[in-house]
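>>> I'd like to go over a predicted model; first the sequence, then the structure.
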Amino acid sequence: MSCSQKQGRSPFPSGNPFRKMLPKGSDLPSRHLALLKEFEEKLADKLRKLMPKGEDDILSLPWMKLSLQLLSQTHDDMNSLITELKLPVCDRDDTWVCLYLDNSANLLDLCNAFISELSRLSQGQLLLQFGLHNLDPTGSINLVKARTSFHSWMQHIGSSNPRVENCSSIILELVKLLVLPKPLNSSKARVLMHALYGVQVQTLFVFGVFTAAFTGSPQTLIDLPVPKANLWAEAFVDLQTSVNQEIRELVSSERNFILKELEAVDSIVKGLCPMLDGAAEGDEALRKSATELQKRAERLSEGLDLLSREVDGFFRIVLSGRDCLLSELRKGIVLSCTMQESKAEPKMVKAIKWMRTSFL
């Protein structure tokens, strides 16, 4: 399935994967080439849409939400391609199946980690709201309780999440899976592998950025050298260069958080806490800071909620893709058994056992 690879700057130690998959002079049927071309053009368009319009877009919650929406669309396109090709999988061409399922298992793990972190960040909103409640001039102001709540929020939000910290190793595993296998006999499988590579690259980029946003570390940012033959290559390289460079600059600025909305709230809270010592009710500066914090906290809360829904939706799409593939595999097994009655029973038993133990 996946190939072993030493950690380094280039994930392609064995050469250009496309030369292996689609060598010069390969005679893929025109229908298959048309399907692949349509898939790649859609992917290029999505990558161009994700190109940030300004520095403030990068690592903002709306931009992260958009990146996951577009990634979900790509995985939907992949599911449709699997269905369109109507591929029976023979014994020799099951490598791409293993690769697809290896990738999807890693993606489910990443989704679970991100959902955990988004939930943790959302829980911190309760501490912010309690602190703001104690600064509400229409109620009973309690500066001591407000200060305690804000300090608790900073401790909570500054703590680490082991599940997110583990995402780095999962990202590296996805990089290893980018090393594509030897040429396949089936033209349908070759098209699927070619398309799957594009899905992998977009997925690895988006989830690497997500991990950097949640950990504050650029460790998962990898400058992938994609072959120029891809219709989406130029759009991807432009996007990767712009986003990775900005994230590295944010990290080098030694901010506590590089997620824009979280950094904005943290900055206000840190400026507000000293004002609570000895402040009097009706203090105008305190009132303005509390008002601004309320606005920023609401923006953060809304962004976290919307992004959580997108992650959950992507999780479901990945599961749907696995179900789609397994359904096509079962069809292929039934067809193979019908054509080879003398060998049907042992092959079917072996195949079903393989699917159950490996993929379900």
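Cool, the structure landed.
>>> show me the residue at the heart of this structure, geometrically.
When Cα atoms, centre = their mean is applied to the chain, the residue found nearest the centroid is Phe207 (3.1 Å).
>>> doesn't Leu110 make contact with that residue?
Yes - the pair Phe207 and Leu110 passes the contact test of Cβ atoms under 8 Å, sitting 5.3 Å apart. C-betas here are computed from N, CA, C, even on glycine.
>>> any idea of the mean pLDDT in the lengthiest helix in the chain?
Criterion DSSP state H: the longest helix present in the chain is helix 284-339. Averaged over helix 284-339, pLDDT sits at 83.
>>> so which elements touch it?
helix 61-85, helix 95-133, helix 260-276, helix 341-358 (3 or more Cβ pairs under 8 Å, 6 or more residues apart in numbering; DSSP states H and E).
>>> which residues touch the third one?
By Cβ atoms under 8 Å, 6 or more residues apart in numbering, the residues outside helix 260-276 that reach it are 56, 59-61, 121, 128, 143, 146-147, 150-151, 153-154, 157, 255-257, 283, 285-286, 289-290, 292-293, 296-297, 299-300, 303.
>>> same thing but 6 Å
Under the criterion Cβ atoms under 6 Å, 6 or more residues apart in numbering, residues 59-61, 143, 147, 150, 255-257, 286, 289, 292-293, 296-297, 299-300, 303 lie in contact with helix 260-276.
>>> got the contact list for Leu33?
Per Cβ under 6 Å, 6+ apart, neighbours of Leu33: none.
>>> what's the pLDDT at it?
Looking at Leu33, the pLDDT reads 85.
>>> list phi and psi for it.
Per-residue torsions, Leu33: phi -60, psi -40 (degrees, to the nearest 10).
>>> separation between it and Leu196?
16 Å (Cβ to Cβ, to the nearest Å).
>>> that older thread, now restrict the contacts of helix 260-276 to buried residues only.
Buried subset of the contacts of helix 260-276 (neighbour count, 16 or more other Cβ atoms under 10 Å): 59-61, 143, 147, 150, 257, 286, 289, 293, 296-297, 299-300, 303.
>>> picking that back up, which SS state does the residue nearest to the centre of the chain fall under?
Look at Phe207: counting by DSSP: H, G, I helix; E, B strand; the rest coil, its state is helix.
>>> isn't it up against Asp109?
No - contact criterion Cβ atoms under 6 Å: Phe207 and Asp109 do not qualify, at 10.4 Å.
>>> what sits in contact with each of those two?
Going by Cβ under 6 Å, 6+ apart, no residue sits against Phe207 while also sitting against Asp109.
>>> where does this structure dip in pLDDT?
1-28, 87-96, 179-185, 278-282, 328-360 (pLDDT under 70).
>>> and stretch 56-65, what's buried?
For stretch 56-65, by 16+ other Cβ under 10 Å, it's Asp57, Ile58, Leu59, Ser60, Leu61, Trp63, Met64, Lys65.
>>> one more: stretch 271-288?
Result for stretch 271-288 [16+ other Cβ under 10 Å]: buried residues Leu272, Cys273, Leu276, Ala279, Leu286.
>>> what do you get for stretch 111-130?
In stretch 111-130, counting by 16+ other Cβ under 10 Å, buried: 111, 113-115, 117-118, 120-121, 124-125, 127-130.
>>> can you name the two of those residues that sit furthest apart?
Checked with Cβ to Cβ, those reach their widest spread between Cys111 and Phe130, with 30.2 Å between them.
>>> contact partners for Leu118?
Leu304, Ser308.
>>> Gln125 versus that one, what's the distance?
From Leu118 to Gln125 the distance is 11 Å (Cβ to Cβ).
>>> now do stretch 76-88: everything it contacts.
Against stretch 76-88 from outside (Cβ under 6 Å, 6+ apart): Leu35, Phe39, Lys42, Lys188, Ala195, Val199, Gly321, Cys324, Leu325, Gly332, Leu335.
>>> one more: stretch 63-74?
Contacts for stretch 63-74 (Cβ under 6 Å, 6+ apart): Leu43, Lys46, Leu50, Asp57, Val199, Gln202, Val206, Leu306, Leu307, Glu310, Phe314, Ile317.
>>> count of neighbours near Ser140?
9 (other Cβ atoms under 10 Å).
>>> what sits against the nearest residue to it once chain neighbours are set aside?
Closest residue in space to Ser140, ignoring its immediate chain neighbours: Asn134 at 7.8 Å, by Cβ to Cβ, 6 or more residues apart in numbering. By Cβ under 6 Å, 6+ apart, Asn134 lies in contact with Asn142, Lys145, Ala146.
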